[in-house]
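> model this:
(one chain, ligands or ions: 1)
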Amino acid sequence: MTTETTAQVEEPGVAGSSTLTITDNRTGRTYEVPIEDGTIRSTELRKIKLDESDFGLMTYDPAYMNTASCRSAVTYIDGDRGILEYRGFPIEQLAERSSYLEVAYLLIHGELPTQTQLDEWTYLITNHTFVHENIKDFMKGFRYDAHPMGMLLASVGALSTFYPEAAQIKDTQLRYNQVIRLIAKMPTLAAFSYRHTRGMPYVYPDNDLSYAGNFLGMLYKMTELKYRPDPRLEHALDVLFILHADHEQNCSTSAVRSVGSSQVDPYSAVAAGIAALYGPLHGGANEAVLRMLRRIESTHNVSDFIEGVKAGNERLMGFGHRVYKNFDPRAKIIKRAVEQVFEVTGKNPLLHVAMELEQIALEDEYFIKRKLYPNVDFYSGLIYEALGMPVEMFPVLFAIGRTSGWIAQWLEMIDDPEQKIARPRQIYTGGRGLEYVPIADR
Ligand code: CMC
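Residues are numbered from 1 along each chain as shown. The predicted model follows:
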């Protein structure tokens with residue numbers, strides 16, 4: 001097929017008009033397609049047909065490399081300039097001056113809260129941290145070595161059975177109740193899954209503590225009557241939650257939107273997001289970084305390792321990003337948080353390996369040419385490890401932070417009149433009209 005598309009034709013398009021003129025060389029016909037926000041609507045291409053019986057032209061875009069699936073006012077990213085903003089606020093300011101719960105409010109409501117609104121929001125979240133006792137029994141059913149992410153995924157999905165009214169997604173008050181519950185209960189479920197893998201009794205939430213402090217308490221509380229988190233560690237964890245809160249239409253967010261577009265309850269939609277995040281190409285990269293640093297072991301081995309990367313033997317994990325081609329703004333913030341955490345926990349010798357790797361890579365032509373810079377995962381694993389987390393918990397921590405983003409995107413989708421059930425097309429490549437052969441004759 002020789003259908004030709006160009007945005008710069010002289011004839012018959014008019015220079016300066018916001019349209020795209022397409023000539024279908026199969027038929028010689030010309031079409032004019034509106035351009036809005038630097039985008040054309042794929043459905044406009046359906047007008048381009050060979051004849052009346054033709055379905056019309058489609059676009060083929062595996063992995064959505066060049067397809068906008070929604071309009072969104074939640075998160076803005078400019079990958080070339082290293083910009084990340086939630087609801088228009090730069091991530092640097094939020095990480096430095098806000099708190100995770102305030103950021104969650106911002107993502108979900110679209111604007112920063114007043115003090116009264118924040119107090120009410122914090123009160124609501126804090127007072128919904130408990131889970132039904134049956135959830136505990138449900139979690140006890142997992143094998144002793146169950147992956148905590150698998151447990152989180154299953155238990156979040158199970159919440160829909162405890163709150164059947166969550167299916168009424170058009171009821172704004174009921175919907176809001178589930179928003180509160182999801183953000184409030186996620187750390188409780190995450191901590192229970194961790195304690196389960198350790199064979200330790202689950203710890204109930206302590207509503208005197210902050211969101212991050214309570215999570216640390218549910219992870220680490222032993223015989224003490226009151227768990228008191230170190231404020232520096234509590235703050236570092238809060239910052240990590242902020243940095244992971246949203247990242248526009250990534251794999252897990254697209255999963256939440258796609259599953260949510262069937263109008264299922266939000267617990268099921270968020271469980272789909274957790275499933276997507278579970279994969280090593282998404283939430284698992286920080287774990288890979290830590291394993292890589294452990295394998296390199298000492299700064300003496302760094303240059304050999306870099307040579308191996310340049311020779312194409314392996315990748316420098318925690319480097320490079322599909323969107324950020326200058327720097328990942330989250331990486332810069334995390335690097336500062338690493339230093340604060342190590343003031344409390346003592347330095348992890350792997351930090352030296354990480355810093356040496358970073359320095360060599362940033363000066364090396366191979367990495368400069370390919371625009372490879374440290375991403376959010378390069379240092380986050382070191383913080384998680386310093387906080388005492390096993391690597392299996394890394395994606396679970398990511399999921400806690402990302403919950404507010406998933407919900408904000410889900411809410412936006414529910415109210416978007418243009419959204420319908422997600423249902424991509426395909427290019428069929430299989431056989432047709434075959435004759436069924438009885439099994440004995442095959
Ligand atoms: N180490 C060495 N070389 C690399 C790396 C790396 N980490 N990343 C990319 N390259 C090279 C790649 O070999 C290719 O080279 P060439 O042009 O010679 O073939 C070039 O850079 C372009 O790579 P690409 O794979 O086409 O880039 P991509 O945009 O498809 O991949 C990425 C992005 C993040 C998957 C990739 O950079 C990578 O695998 N990084 C390591 C894994 C990692 O840290 N992932 C976490 C991403 S941040 C988490 C999040 O935001 O959710």
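
> can we go C-alpha only for contacts and neighbour counts from here?
OK.

> just checking, Y366 touches K310?
Yes: taking Cα atoms under 8 Å as the contact criterion, Y366 and K310 are neighbours in contact, 6.8 Å apart.

> separation between the residue of the stretch 1-150 of the chain found nearest the ligand and D137?
In the stretch 1-150 of the chain, no residue comes nearer to the ligand than M65, which is 10.1 Å away by Cα to the nearest ligand atom. For M65, the distance to D137 equals 43 Å [Cα to Cα, to the nearest Å].

> near the ligand, which residues of this protein show up?
If contacts are counted using Cα under 6 Å from any ligand atom, the residues of the chain sitting beside the ligand are 282, 285, 309, 315-322, 370, 375-377.

> can you pull the pLDDT of the nearest residue to S254 once chain neighbours are set aside?
If the residues on either side of it in the chain are set aside, S254 comes closest to G273, at 7.8 Å by Cα to Cα, 6 or more residues apart in numbering. Confidence at G273, expressed as pLDDT, is 98.

> identify the residues contacting the helix or strand where G273 lies?
The secondary structure element spanning G273 is helix 266-278 (assigned by DSSP states H and E). For helix 266-278, the external contacting residues (Cα atoms under 8 Å, 6 or more residues apart in numbering) are 149-150, 152-154, 156-160, 166-167, 169, 178, 182, 251-257, 259-260, 282-284, 395, 399, 403, 406-407, 410.

> among those, name the ones in strands.
Secondary structure defined by DSSP state E assigns none of the contacts of helix 266-278 to strands.

> show me which of these are buried.
Among those, the ones that count as buried by 16 or more other Cα atoms under 10 Å are 149, 152-154, 156-160, 166-167, 169, 178, 182, 251-257, 259-260, 283-284, 395, 399, 403, 406-407, 410.

> is it true that A167 touches Q178?
No: A167 is beyond contact range of Q178, at 9.9 Å (criterion: Cα under 8 Å).

> returning to what we had before: sort out which of the residues of the chain next to the ligand are buried, if you could.
Buried positions within these, assessed by neighbour count (16+ other Cα under 10 Å), are A285, V309, L316, M317, G318, F319, G320, H321, N375, V376, D377.

> can you give me the strands in the chain?
The residue ranges that make up the strands of the chain, judged by DSSP E, are 4-6, 19-24, 29-34, 75-78, 83-86, 89-90.

> nearest to K226, out of the ones you listed?
Distance to K226, taken as Cα to Cα, is lowest for strand 83-86 among the strands of the chain, at 35.1 Å.

> average model confidence for the closest one?
Mean per-residue pLDDT for strand 83-86: 97.

> run through who's touching it.
V74, T75, Y76, I77, D78, P90, I91, L106, L107, D246, D328, P329.

> equivalent analysis for stretch 317-325, please.
78-82, 285-286, 288-289, 292, 328, 371-379.
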